[in-house]
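Q: coords below, sequence missing:
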């Protein structure tokens with residue numbers, strides 16, 4: 001599968017964030033999430049998905065479990081099963097999330 005990111009229509013999550021599914025196959029899914037300054041990915045956890053995230057642009061205040069840190073472009077984090085995690089964009093920013101298994105709920109909403 002080859003995906004031209006310009007051909008992927010963004011799914012608007014709310015007034016400060018949107019996402020694009022940029023790749024998936026087997027059990028993996030890669031999602032680019034764009035945030036405006038102040039945008040929040042609410043603290044949540046997954047009982048069926050592992051997630052690794054890479055900061056592509058900008059900076060975020062990131063909470064993973066009991067730990068909170070400022071992450072900038074080039075940094076990453078891992079959230080295992082049932083580990084609470086969330087982000088707050090400290091400036092206009094982009095994060096790349098990779099999930100296993102893939103997020104069926106994203107497919108239902110993004111159709």
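A: Looks like it came in fine. Predicted, not measured: the structure shown is a model, and the values here were computed from it.

Q: Give the phi and psi angles for the residue nearest in space to the middle of the chain, as a check.
A: Nearest to the mean C-alpha position of the chain, counting by Cα atoms, centre = their mean, stands residue 97 at 3.9 Å. Backbone geometry at residue 97, expressed as degrees, to the nearest 10, gives phi -100, psi 140.

Q: Show me which helix or strand of this structure is least confident by mean pLDDT.
A: Across the helices and strands of the chain, mean confidence by mean pLDDT, DSSP states H and E is lowest for helix 104-110: a mean of 77.

Q: what is the mean pLDDT for the helix or strand containing residue 52?
A: Assigned by DSSP states H and E, residue 52 falls within strand 50-57. Averaged across strand 50-57, pLDDT comes to 98.

Q: For this protein, give me the ranges with low pLDDT.
A: 109-111 (pLDDT under 70).

Q: rewinding a little: check contacts around the residue nearest to the centre of the chain.
A: Counting by Cβ atoms under 8 Å, 6 or more residues apart in numbering, residue 97 touches 30-33, 51-53. In this view, the C-beta of every residue, glycine as well, is placed from N, C-alpha and C.

Q: again, only using 6 Å
A: 31, 51, 53 (Cβ atoms under 6 Å, 6 or more residues apart in numbering).

Q: Understood, closing this out.
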